[in-house]
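A.B. asks: please work out how this folds:
(one chain, ligands or ions: 1)
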Amino acid sequence: MKNIPLHWKIILGMFLGIVFGLVFSQFDFGKNLITDYIKPFGTIFIKLLKLIAIPLILASLIKGISDIKDLSKLSKMGSRTIGIYLITTIVAVSVGLIVVNIFKPGNQISSDTRIELVNAYSSDANEKKEIAVEQSLKGPLQPLIDLVPENIFYATTENKNMLQIIFFSILFGMGLILIPEKDSFPVKKFIDSFNSVILKLIDLIMKTAPIGVFALLASLVVEAPSWNLFKALAFYSITLVCGLIFLIILYVVFTYVYVKKKPTEFIKGISPAQLLAFSTSSSAATLPVTIDCVEKKLGVKKEVSSFVLPIGATVNMDGTSLYQAVAAVFIAQAFGIDLTFSAQLGIILTATLASIGTAAVPSAGIVMLVIVLSQAGIPEAGLALIFAVDRPLDMCRTVVNVTGDAMVSMIVDKLIKK
Ligand code: ASP
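C.D. replies: Okay, the predicted model is just below:
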């Protein structure tokens, strides 16, 4: 067992988790057994990953920026990173709109099934709607205001303040570049060794990943709702997954053409992060492993990866934006609403913004979907239609989110080298 590479152990853990969940969900006691005694290990694993997220961003981003030593290089890298992230997101939403208009999955839903789904999930959907309403009541520049922390210690007490921590780290890193080297040296030394400790901790936490994903998948299987409802949503799920796969193919082709990375090398290099993204449904929790893969296996320089990836994990969600486009049009189709071309263009804009605002945690995408729906005039009750399959699809879109970030880091690395 010792010599098996970690990603194989994770795959084995996932497989055994599903089998275990399927077998035990046949018995009444099995469900309780998994919920009470297996699921907690999955929860602990995710908590450990989240525990390390803020120290990692602080250490790796400050180190990454202060290593650049030159502010003009930093602004070059920053503007390119944000520019490329925007382009990939717009491409993703457009791919989503194309597949959902070709497959038209919403037309497959019968009115009986629609009523069944809306009734089954309306309370969950209402909860998400309330959260989204809170967000939309804020002014247009609120995200900008939220970006700036007023107290860094307070900001670090909540994982959802990731962007504020990124903001502070960039500012702090710039300060380090601007002061004389003899003054910055002790702080830099401290940050360097702090960073090494964090990376070691990630290594240790990842050793428990096979057990963590086993527990996560076993509990997911026993908590799954009735399979009948799943069948009704299969066509929607297939459409979405096709779009996501197409996006991954685009990434592979692009990295081959532009960065000259062979498709097999790219996929093999990023696969540990993809597996973890799939089982945790959180790009933030996956961030440590994404950074590791991109540096060690895809040859991206540390100064690039430690800058591009933490930002990407929070603002660049190609899978999520594609999902928001597909889900919005699917719900419109299911309710018999004909979306005009300009309404679909509006979806490109709101889905792009909504995906930027989506937190890198499970189910955040469906919260922000409410905003896309209300902007496009699609009934928000439609959320209930897609609730049943949202978790497995969240797992798939998170894989794409993480892969997209990795691709952009490779492109920025190449651009900077040039
Ligand atoms: N789970 C996704 C992520 O963390 C966000 C979402 O689409 O819900 O990347």
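A.B. asks: the residue in the chain that the ligand sits nearest to: neighbour count?
C.D. replies: The chain approaches the ligand most closely through residue 365 (2.6 Å), counting by Cβ to the nearest ligand atom. Heads up, the C-betas are built off the backbone N, CA and C, glycines and all. The number of residues packed near residue 365 is 26, by other Cβ atoms under 10 Å.
A.B. asks: isn't it up against residue 325?
C.D. replies: No: judged on Cβ atoms under 8 Å, residue 365 makes no contact with residue 325 at a distance of 11.4 Å.
A.B. asks: so in the chain, where's the weakest helix or strand by average pLDDT?
C.D. replies: When the helices and strands of the chain are scored by mean pLDDT, DSSP states H and E, helix 111-136 comes last with a mean of 69.
A.B. asks: now the element after that helix, going C-ward?
C.D. replies: Using DSSP states H and E, the helix or strand that follows helix 111-136 in sequence is helix 142-147.
A.B. asks: can I get the CA coordinates of that following helix in PDB?
C.D. replies: The C-alpha trace of helix 142-147 is given here as PDB (Å, rounded to 0.1, in the frame of the first residue of the first chain):
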ATOM      1  CA  GLN A 142     -20.400  46.700  -2.800                       C
ATOM      2  CA  PRO A 143     -18.100  43.900  -4.000                       C
ATOM      3  CA  LEU A 144     -15.300  46.600  -4.300                       C
ATOM      4  CA  ILE A 145     -16.000  47.800  -0.800                       C
ATOM      5  CA  ASP A 146     -16.100  44.200   0.500                       C
ATOM      6  CA  LEU A 147     -12.700  43.600  -1.000                       C
END
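A.B. asks: need the mean per-residue confidence for it.
C.D. replies: Across helix 142-147, pLDDT averages out at 80.
A.B. asks: packing partners of that helix?
C.D. replies: Helix 142-147 sits against helix 162-178, with contacts defined as 3 or more Cβ pairs under 8 Å, 6 or more residues apart in numbering; DSSP states H and E.
A.B. asks: quick check: the gap between residue 101 and residue 363.
C.D. replies: Separation of residue 101 from residue 363 (Cβ to Cβ, to the nearest Å) stands at 26 Å.
A.B. asks: tally of neighbours for residue 71?
C.D. replies: A count of nearby residues for residue 71, using other Cβ under 10 Å, gives 12.
A.B. asks: so it touches residue 176, yeah?
C.D. replies: No: when contacts are counted by Cβ under 8 Å, residue 71 is not listed as touching residue 176 (11.1 Å).
A.B. asks: in the protein, which residue sits furthest out from the middle?
C.D. replies: residue 182 (39.7 Å; Cα atoms, centre = their mean).
A.B. asks: over to that residue: give its phi and psi.
C.D. replies: Backbone dihedrals for residue 182, given as degrees, to the nearest 10, come out at phi -60, psi -30.
A.B. asks: which bits of this structure sit near the ligand?
C.D. replies: 281-283, 317, 320, 358, 360-365, 394, 397-398, 401 (Cβ under 6 Å from any ligand atom).
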